[in-house]
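Student: using only what follows, build the 3D model:
(4 chains)
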There are 2 protein chains.
Amino acid sequence: MGSRDLLPMGEITRRSGFAASAIRYYEAEGLIEAHRSGGGQRRFERSVLRRLAFIRAAGNVGLTIEEIRDELARLPGNRTPTKADWQRISRHWRTRLDEQIAALQRLKGGLDGCIGCGCLSLRSCAFSNPGDVHAERGSGARLLPDSLRRPHPTRRTPA
Amino acid sequence: MGSRDLLPMGEITRRSGFAASAIRYYEAEGLIEAHRSGGGQRRFERSVLRRLAFIRAAGNVGLTIEEIRDELARLPGNRTPTKADWQRISRHWRTRLDEQIAALQRLKGGLDGCIGCGCLSLRSCAFSNPGDVHAERGSGARLLPDSLRRPHPTRRTPA
DNA sequence: GTTCAAGTTCAAGTGAACTTGACTTCAAGG
DNA sequence: CCTTGAAGTCAAGTTCACTTGAACTTGAAC
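Tutor: So this is what the prediction gives:
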């Protein structure tokens, strides 16, 4: 079937909601592919709209470009994701989401306990203990998994 | 009571878990205050440990430095947060956490519906519709509130 | 008095995910 | 042919929350 009717940039930006610069960036990063017209203009296959939808969804779930690239790389070629593809991916994302939800609920639970306690003392408040009490190497129960700990580029290993 | 026994940097870093550079940064940003010794060294009041605990907690909830500064600014001076302070703040955070949790659950719900549907077509998949269907001005149901939409510095107004 | 860990400042770097600027070129209409 | 708007490139800029490095100075202990 048709490898004809390729879509120009404008169509893609309009239908995907991404800025042209983002589209180019994704191409440069290898998340999507583009053919070229006689002059150097990009011409996209219809399937990149699906890829872009995927990218947006994955981004919303909190995957990095790197992770998204990996995930996409497992879908052979431009193939429309199969049921199996989708199930694997869904599992991945669901796990992530479950973690995030659980983390937030733990945090909220701690907060409930805190209301009106006037604490926020370093030793007793569930919100802030990572610093003082069992200080350095956070072995104890982390309230937030790294995935939610504020995507701090450099903070990674607080050293 | 003691406005004596001020704490030096090392004590603060040890007990708060923040790096010295972070402490200095927070001072520069006006989140905390410091006295100075004869030479120029910082001497902190005990209360800044509480402030730092607050900062860490707030950061974990996802507040930006800007927001934390605002919140702190409402606590008069160095006053130990009162019950009322805490209740207001807790409400604020709880709201935010509730939003975040709800958002993730909506997302997960959409994902459940998606499993095995083989969709991710731009028009039907709950995960990716913001782009295509009701395109531009996202008036429809957002799956993710801005608070979770990936703190994208520049993405703010996708323009 | 000497030593040296602990402290200081200031400028510059980091990483993620794009955007912006400063042009140049393409493609379709008149 | 000429204009116009959509598209191209490439380097550099942006935001956030810090960290890092260089180049000193302090201050508590011996």
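Student: make it CA atoms for all contacts and neighbour counts henceforth
Tutor: Fine.
Student: quick one: the helices in chain A?
Tutor: Taking DSSP state H as the criterion, chain A carries its helices at A:9-16, A:20-28, A:47-61, A:65-73, A:83-114.
Student: any chance of CSV for those helices, columns mean neighbour count?
Tutor: CSV is the format used below for these (neighbours: other CA atoms under 10 Å in any protein chain shown):
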stretch, mean neighbour count
helix A:9-16, 18
helix A:20-28, 14
helix A:47-61, 21
helix A:65-73, 16
helix A:83-114, 18
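Student: looking at the ones you listed, which is closest to DNA strand D?
Tutor: Closest of those to DNA strand D is helix A:9-16, at 3.1 Å (criterion: CA to the nearest atom of the strand).
Student: same for the closest one, what does it pack against?
Tutor: helix A:20-28, strand A:42-44, helix A:47-61 (3 or more CA pairs under 8 Å, 6 or more residues apart in numbering or on different chains; DSSP states H and E).
Student: would CSV of the ones you listed with mean pLDDT be doable?
Tutor: Converted to CSV, these look like this (pLDDT from 0 to 100):
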stretch, mean pLDDT
helix A:20-28, 97
strand A:42-44, 97
helix A:47-61, 84
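Student: okay, now the unreliable bits of chain A?
Tutor: Within chain A, the ranges that satisfy pLDDT under 70 run A:1-4, A:76-83, A:103-104, A:106-159.
Student: returning to what we had before: of all the helices and strands packed on helix A:9-16, which one is nearest A:Leu75?
Tutor: A:Leu75 lies closest, by CA to CA, to one member of the helices and strands packed on helix A:9-16: helix A:47-61, at 10.4 Å.
Student: what's the angle between the closest one and helix A:65-73?
Tutor: Using axes from the mean of the first three to the mean of the last three CA atoms, to 10 degrees, the inter-axis angle of helix A:47-61 relative to helix A:65-73 is 140 degrees.
Student: indicate whether helix A:47-61 makes contact with DNA strand D.
Tutor: No: Helix A:47-61 does not reach DNA strand D (CA under 7 Å from any atom of the strand); its nearest approach is 13.7 Å.
Student: okay, the angle between that helix and helix A:9-16?
Tutor: In terms of direction (the same axes, to 10 degrees), helix A:47-61 departs from helix A:9-16 by 40 degrees.
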